[in-house]
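*Asks:* Show me how the following folds:
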Amino acid sequence: MAKFVVTLRLPDVFDDAFMALIPRHRAFINRLIEEDIIEAYAISADRTRGWVTMNGQTAEAIRTVVEQFPLFRFLLGIEVDELFVFDSKASRFPAISLN
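*Replies:* Prediction:
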């Protein structure tokens, strides 16, 4: 299965309709993390962009999942890029403990 990074562009202003969907959106993201579809989810400190590392067969399959995000209709743009290398501490074996 391939890995992709999705770049999200968030709206400049979060209106009441956007804010009302955040709990449902977070629940959906958490479920995808538990299902190993999402590896990492991050939003910039200024809340203008987000990055989601996802597992899937194709960019089209990833886009289909992103289109199911409860906040999708508010996104100003998305980019889906397949990764050649994805390395992180979380993907490595844990340190051996001699205890």
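
*Asks:* Next secondary structure element downstream of whichever helix in the chain runs longest?
*Replies:* Looking across the chain with DSSP state H, the single longest helix is helix 16-34. Downstream of helix 16-34, the first helix or strand assigned by DSSP states H and E is strand 38-43.

*Asks:* got a list of contacts for that next one?
*Replies:* Strand 38-43 is contacted from outside by 3, 10, 29, 32-33, 49-55, 86, 88, 90-91, using CB atoms under 8 Å, 6 or more residues apart in numbering. For glycine as for every other residue, the C-beta is placed from the backbone atoms N, C-alpha and C.

*Asks:* Now with 7 Å, please.
*Replies:* By CB atoms under 7 Å, 6 or more residues apart in numbering, the surrounding residues in contact with strand 38-43 are 29, 32, 50-55.

*Asks:* buried sites along the longest helix of the chain?
*Replies:* 18, 21, 28-29, 32 (16 or more other CB atoms under 10 Å).

*Asks:* which other helices and strands contact it?
*Replies:* Packing partners of helix 16-34 (3 or more CB pairs under 7 Å, 6 or more residues apart in numbering; DSSP states H and E): strand 38-43.

*Asks:* what's the angle from the strand it packs on to helix 16-34?
*Replies:* 150 degrees (axes from the mean of the first three to the mean of the last three CA atoms, to 10 degrees).

*Asks:* what stretches of this structure score poorly on pLDDT?
*Replies:* The model of the chain has pLDDT under 70 over residues 99.

*Asks:* any idea which helix or strand carries V5?
*Replies:* Going by DSSP H and E, V5 is in strand 2-9.

*Asks:* just the CA coordinates of that strand, formatted as CSV?
*Replies:* Extracted C-alpha coordinates of strand 2-9, given in CSV (Å, rounded to 0.1, in the frame of the first residue of the first chain):
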residue,chain,number,x,y,z
ALA,A,2,1.3,3.4,-0.9
LYS,A,3,1.6,6.5,1.3
PHE,A,4,0.4,9.9,0.4
VAL,A,5,0.5,13.3,1.9
VAL,A,6,-2.5,15.5,1.5
THR,A,7,-2.1,19.3,1.9
LEU,A,8,-5.3,21.1,2.9
ARG,A,9,-5.9,24.8,2.6
